[in-house]
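> model the following, please.
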Amino acid sequence: MEVDLFSGAEAFGGGESRAAGRSGKRGSVYTVSELTRVVLKLLEGGIGEVWVEGELSNCKQQASGHQYFTLKDAGSQLSCVWFAGYGRKNQVLRDGMQVRLQGRMTVYEPRGQYQLKVQQVEAAGTGDLLARFEALKRKLEAEGLFAPERRRVLPKYPGCVALITSPTGAVVRDMLNILGRRAPWVRVLISPVRVQGQGAAREIQGALEELNAARENGLPEPEVVVLARGGGSIEDLWEFNDEKLARAIAASRLPVVSAVGHEVDFTIADFVADLRAPTPSAAAELLVPDTEGVLRDLGVRQGRLDRSIRQQLTAWKGRLDYLGAAGLFGEPRRRLQQGMQELDWAAEALRAAVRSAVLAVRQRVGLLEATVLRHRPDRELAVRHQTVETIRQRMERSMRGGLGLLKGALDRQGVLFGKTVQPGLAACRQRLAEVSGKLRLLDPQRVLERGYSITTDGDGRVLRSAGEVRPGEKIQTRLGDGTLDSVVSE
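Next up, the predicted model:
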C-alpha cells in the first residue's frame, strides 16, 4: 500500500512558512512536539486502519497485561502495541509466530516513533482455515451430528477410562495426577498418538476404533474415552477439525469426551463429542467424582438409611405387638392349633386302619395259602392213595375175620374146611386181586408215570382247556417225577 505522507500538509500552517521551510530559508519553525503531532495526524488520517502480516519478535508482556512486540519481514520492521482489554482474547504472543494484525497506525509521541496500535490478531492463513472450519461445521450440523439428543450419557462412576493423547506431554501427567487423586480405583488406559501435524487425525481415529473393538480383541473395554491435547494455534489444533475423525466420534459405541486446547479454543471434535471439557484437567475432574466427597455423601446416606430402617423396624414391631395382643389375632392361632391336633388324631387313626387292613390281608393270604396247600394234587393223591390202602386193609381184615369165623363154624359142625371152603376162599382172593388191579389202574400217580401230566393255574385249579388261561399267566405242570413252572405265551 503506497501512501503519500505529505499530501495533506496545507492544513497545518501557511503556505509561505512551509515553502520557506522546504526551501531552507528561515521562517516559522516547528517544535519537535508540533512536528510529531503533524506526523501523527498524517499517519492516522492518511493510513488509518490497516491489515499487515509478518513475523513476531521481541514479544514482551507487562504486568499491566499490555503486550509489546515487533512485526518484521525480510526488509523492514514495525513496532506494535496491544493493549490489555482492547480486542484481546487471552492470547499470548510468542517470538517467531507468523501473524496477521489489524490495527491503526499512530505515533508514540514521547519517542517520536510510529507504531501499529493492534486491535485484532490472527495466525497467518487463519482466514482460509476459519472458512473451512465454518463450512464443515455447517455441514455436520445439518446432518444432525451436533444434536443434543444423540449424545450418550457418561457413566457416573466409571471403572475404566481411556486417554487418547500424546504419551510425553504435560497433559497426560496432569490428567493421571488428577484421576489418581480423585479416584484411585479407576483403571486408566493410554492410547498414544500424535496430536499435531499431518496424519495425526488418522492416528486418533484408529485409536478410537481400536478402543471400540477392545472386547472383541480380548482387551479391557473402557467405559469412556477422552481425546486430550493442550492449547495451541488454530494450525496446531487443526487435526481435530478432520471430517473423518468427527464421523468416527459420532459413530463410537463408547462415550467420547473432547478435551482439546484451552477454554477459548473450539474444534469440530468438541461439537461432535458427547461432552466438551474446557481443558484436559477439567475433563479429568468431570469424569470421576472426588473420592472424599463420595465417602462423605455415602456416610450421610448411610446415616439416613440407618435411621429410616430403625424407625421402620420400630413401627413394624409396634404393629406386630398390637396384632399379637388382639383377640382376633389369637383366634386363627387357636384354630390352627386345633386343626393340627385333629390332623395328628386323623394320622394316628389312619395308621391304625392301615395296620388292621394289612393284618387282615395277611391273614386272608395265609388262609388262601393253606387252602392251596391242602388242595395240591400231589397231597390230594397221597391222601386218596392212603384212603384206598386203608379200605383195602380193612377189607382184607374183614375177609380174614369172616373166613376165620366161617372156618370155625364149619369145624365145629365137622365139615372138612379143605374140601368145602377152599374153593370159596380162592374165589374171594381172585375177586380181591381184580379189585386191587382196578384200583392200581385208577391211581393218578400211575397215570402220570405212564407219560401223562396234570396242569394247574396260579390258584391251583386243574386246567382242562387251553382257553382257561391268558398269555403271561404262570402255570404248573405235574409229571411222574416232579413239577414244572412255566408262563403262557401268545
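> any idea how far apart the tips of stretch 137-149 sit?
18 Å (Cα to Cα, to the nearest Å).
> what residues of that stretch count as buried?
Buried residues in stretch 137-149, counted by 16 or more other Cβ atoms under 10 Å: 137, 140, 145-146. All C-beta atoms are positioned from the backbone trio N, CA, C, and that covers glycine.
> need the max-distance pair from those residues.
Across the buried residues of stretch 137-149, the two members that end up farthest from each other (Cβ to Cβ) are Lys137 and Leu145, 9.9 Å apart.
> what residues do those two have in common as contacts?
The contact sets of Lys137 and Leu145 overlap at Phe271 (Cβ atoms under 8 Å, 6 or more residues apart in numbering).
> pLDDT score assigned to Ala325?
If you check Ala325, the pLDDT there is 71.
> list the contacts for Arg104?
So Arg104 contacts 44, 48-50, 116-117, 119 (Cβ under 8 Å, 6+ apart).
> now flag whichever of those residues is closest to Gly366.
Of the contacts of Arg104, the one sitting nearest to Gly366 (Cβ to Cβ) turns out to be Gln119, at 128.1 Å.
> in the protein, where is pLDDT below threshold?
1-27, 86-90, 125-128, 324, 326-330, 374-376, 409-425, 441-442, 490 (pLDDT under 70).
> domain ranges for it?
For the chain, automatic domain parsing gives the domain ranges 9-124, 154-289, 294-323, 377-487.
> out of the contacts of Arg104, which end up buried?
Looks like the contacts of Arg104 have 116-117 buried, using 16+ other Cβ under 10 Å.
> for the contacts of Arg104, which one is nearest Lys72?
Out of the contacts of Arg104, the member with the shortest distance to Lys72 (by Cβ to Cβ) is Leu116, at 12.0 Å.
> from the contacts of Arg104, which land in strands?
When the contacts of Arg104 are checked against strands (DSSP state E), the matches are 49-50, 116-117, 119.
> ok, which stretches of this protein are strands?
Counting by DSSP E, the strands of the chain are 49-61, 67-72, 77-82, 98-108, 113-123, 160-165, 187-192, 224-229, 256-260, 275-276, 454-456, 474-479, 482-487.
> just send those back as a markdown table, with distance to Val365 too.
Output for these, formatted as a markdown table (distance: least, Cβ to Cβ, whole Å):
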| stretch | distance to Val365 |
| --- | --- |
| strand 49-61 | 120 |
| strand 67-72 | 122 |
| strand 77-82 | 123 |
| strand 98-108 | 119 |
| strand 113-123 | 115 |
| strand 160-165 | 79 |
| strand 187-192 | 79 |
| strand 224-229 | 83 |
| strand 256-260 | 88 |
| strand 275-276 | 89 |
| strand 454-456 | 18 |
| strand 474-479 | 17 |
| strand 482-487 | 20 |
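> for the ones you listed, which one sits closest to Arg215?
strand 160-165 (11.5 Å).
> next one: the closest one to chain centre, how far?
Here strand 160-165 is found 23 Å from its chain centre; the criterion is Cα atoms, centre = their mean, to the nearest Å.
> can you check stretch 229-249 too?
Per Cα atoms, centre = their mean, the centroid offset for stretch 229-249 relative to its chain is 36 Å.
> and for stretch 335-355?
52 Å.
> just stretch 53-68 next, same as before
Centroid separation for stretch 53-68 versus its chain: 59 Å, with Cα atoms, centre = their mean.
> how about that stretch as CSV, C-alpha atoms only?
Below are the C-alpha coordinates for stretch 53-68, written out as CSV (Å, rounded to 0.1, in the frame of the first residue of the first chain):
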residue,chain,number,x,y,z
GLU,A,53,1.3,-9.6,8.0
GLY,A,54,4.7,-10.6,9.3
GLU,A,55,6.7,-12.5,11.9
LEU,A,56,6.7,-11.6,15.6
SER,A,57,9.9,-10.8,17.5
ASN,A,58,10.8,-9.1,20.8
CYS,A,59,7.5,-10.1,22.4
LYS,A,60,7.1,-8.7,25.9
GLN,A,61,4.1,-8.7,28.2
GLN,A,62,3.9,-6.2,31.0
ALA,A,63,2.4,-6.7,34.4
SER,A,64,-0.5,-4.4,33.2
GLY,A,65,-1.4,-7.0,30.6
HIS,A,66,-0.2,-4.9,27.6
GLN,A,67,1.9,-6.7,25.0
TYR,A,68,4.7,-5.0,23.1
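> buried ones in it, by neighbour count?
Residues of stretch 53-68 classed as buried: 54-56, 59, 67 (neighbour count, 16+ other Cβ under 10 Å).
> JSON lines please, covering these and showing distance to Ala426.
As requested, those are exported to JSON lines (distance: Cβ to Cβ, whole Å):
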{"residue": "Gly54", "distance to Ala426": "177"}
{"residue": "Glu55", "distance to Ala426": "174"}
{"residue": "Leu56", "distance to Ala426": "173"}
{"residue": "Cys59", "distance to Ala426": "174"}
{"residue": "Gln67", "distance to Ala426": "175"}
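> now do the helices in this protein.
Along the chain, counting by DSSP state H, helices occupy 15-23, 32-46, 126-142, 170-182, 200-212, 243-251, 268-272, 280-287, 291-325, 327-374, 377-412, 417-420, 422-442, 444-449.
> taking strand 113-123 as reference, get the angle to the second one.
Pointing back at helix 32-46 there. Going by axes from the mean of the first three to the mean of the last three Cα atoms, to 10 degrees, helix 32-46 is angled at 30 degrees with respect to strand 113-123.
> only C-alpha atoms, please: export helix 32-46 in CSV.
Provided in CSV are the C-alpha atoms of helix 32-46 (Å, rounded to 0.1, in the frame of the first residue of the first chain):
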residue,chain,number,x,y,z
VAL,A,32,9.6,18.7,17.9
SER,A,33,6.2,18.1,19.5
GLU,A,34,4.5,20.1,16.8
LEU,A,35,6.2,18.2,14.1
THR,A,36,5.4,14.9,15.8
ARG,A,37,1.7,15.9,16.0
VAL,A,38,1.8,16.7,12.3
VAL,A,39,3.2,13.3,11.6
LEU,A,40,0.6,11.7,13.9
LYS,A,41,-2.3,13.3,12.1
LEU,A,42,-0.8,12.5,8.8
LEU,A,43,-0.5,8.8,9.7
GLU,A,44,-3.9,8.5,11.4
GLY,A,45,-5.6,10.4,8.7
GLY,A,46,-3.7,9.2,5.7
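> what's that helix packed up against?
The contact analysis (3 or more Cβ pairs under 8 Å, 6 or more residues apart in numbering; DSSP states H and E) places helix 32-46 against strand 98-108.
> the strand it packs on pairs with which strands, and in what direction?
Applying DSSP bridges to the sheet, strand 98-108 is found paired with strand 49-61 (antiparallel), strand 113-123 (antiparallel).
> now the contacts of Arg104 in CSV, with distance to Thr165?
Shown next, in CSV, are the contacts of Arg104 (distance: Cβ to Cβ, whole Å):
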residue, distance to Thr165
Glu44, 48
Gly48, 46
Glu49, 41
Val50, 41
Leu116, 38
Lys117, 40
Gln119, 35
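> of the ones in strands among the contacts of Arg104, which is the nearest to Arg450?
Closest to Arg450, out of all of those and judged by Cβ to Cβ, is Gln119, at 147.2 Å.
> how close does that closest one sit to Glu44?
14 Å (Cβ to Cβ, to the nearest Å).
> equivalent analysis for Leu286, please.
Leu286 sits 49 Å away from Glu44, going by Cβ to Cβ.
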